[in-house]
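Student: using only what follows, build the 3D model:
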Amino acid sequence: MNLVFVTPAGCDEKTLLALVEEAAEGGADAVQLRCPGASARVLFPLAKLLKTVTDRTGAALYVNDRADVALAAEAAGVHLGGASLPVAAARAILPRSLTVGASCHNVAEAIQAQEEGADYVFLGTIFPSHSKPGATPLGLDELSRARREVTLPIVAIGGVTVANVGAVLSAGANDVAVISAIAGARSPRAAARALADALASWRGTKEPTLDVSPK
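Tutor: You can find the predicted model right below:
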């Protein structure tokens, strides 16, 4: 996944489309459509619309929470949160071609997601985050502990920036996900490019990102 752009909540369709286009053109390898509380009827056409952008730019589209919409929209995968279907239940009903990821807030949750059949986990928030101002950061030590306990690809999220990408990957993350680092930038395209370049530069002497496609 390398660099995942998670869409901010509350955007209108035009703004969201422009953000995704700039992020993907700038270097985001994956886009996670996140619209908390949206119905399937609202989410499905939006997912189809964004997929035209991700298909054109070569990025992968993931749908947050809704396994049915991810499947119907022919997305690359579904990303499950605490209020979504359990990973095991989603894995049982979805084809193996659809990647299943899970948001985890501690090592125990990451272990559980792995045991239930997740293909990757998000872990965070790692640092203080504008998107979740009330969340207590896990820090790099918890990230390192998760790396020792799970074999799944770990995507670090929460306060990730160009300045700390190296530290995050050194601590054990395979990939990174951001919201405000791209969505809140004056130029989302330039912000995505800077993050992608930082990741590529760091990976020049490190191991490559792991494949999260379903096995």
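Student: how about low-confidence regions in the chain?
Tutor: 205-215 (pLDDT under 70).
Student: residue ranges for the strands of it, please.
Tutor: Chain-ordered strands for the chain, with DSSP state E as the definition, fall at 3-6, 30-33, 60-64, 77-80, 99-104, 120-123, 154-157, 175-178.
Student: tell me how many other residues crowd the nearest residue to residue 131 once chain neighbours are set aside.
Tutor: The spatial neighbour of residue 131 that comes closest, neighbours along the chain excluded (Cβ to Cβ, 6 or more residues apart in numbering), is residue 179 at 4.5 Å. C-betas here are computed from N, CA, C, even on glycine. For residue 179, the count of nearby residues is 22 (other Cβ atoms under 10 Å).
Student: next one: the top helix by length along the chain to chain centre, how far?
Tutor: Ordering each helix of the chain by length in residues (DSSP state H) puts helix 40-57 first. Here helix 40-57 is found 16 Å from its chain centre; the criterion is Cα atoms, centre = their mean, to the nearest Å.
Student: so what touches that helix?
Tutor: Counting by Cβ atoms under 8 Å, 6 or more residues apart in numbering, the neighbours of helix 40-57 from elsewhere in the structure are 13, 16-17, 20-21, 24-25, 31, 33, 35, 38, 59-61, 63, 66, 68-70, 72-75.
Student: switch to 7 Å and redo it
Tutor: Contact with helix 40-57 is made by 13, 17, 20-21, 24-25, 31, 33, 35, 60-61, 63, 66, 68-69, 72-75, as judged by Cβ atoms under 7 Å, 6 or more residues apart in numbering.
Student: count of residues packed around the closest residue to residue 38 other than its chain neighbours?
Tutor: By the measure of Cβ to Cβ, 6+ apart, the closest residue to residue 38 outside its immediate chain neighbours is residue 46, 7.7 Å from it. For residue 46, the count of nearby residues is 19 (other Cβ under 10 Å).
Student: from residue 127, how far out is residue 46?
Tutor: Look at residue 46 and residue 127: by Cβ to Cβ, to the nearest Å, they are 29 Å apart.
Student: equivalent analysis for residue 111, please.
Tutor: Residue 111 is 22 Å from residue 127, where distance means Cβ to Cβ.
Student: ditto for residue 44
Tutor: 34 Å.
Student: just residue 31 next, same as before
Tutor: Look at residue 31 and residue 127: by Cβ to Cβ, they are 22 Å apart.
Student: going along the chain, name the helices of the protein.
Tutor: Going by DSSP H, the chain shows helices at 13-26, 40-57, 67-72, 87-93, 107-116, 139-149, 165-171, 180-183, 188-203.
Student: I'd like these as a markdown table, with distance to residue 4 appended.
Tutor: A markdown table is the format used below for these (distance: least, Cβ to Cβ, whole Å):
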| stretch | distance to residue 4 |
| --- | --- |
| helix 13-26 | 10 |
| helix 40-57 | 12 |
| helix 67-72 | 15 |
| helix 87-93 | 18 |
| helix 107-116 | 16 |
| helix 139-149 | 16 |
| helix 165-171 | 13 |
| helix 180-183 | 10 |
| helix 188-203 | 10 |
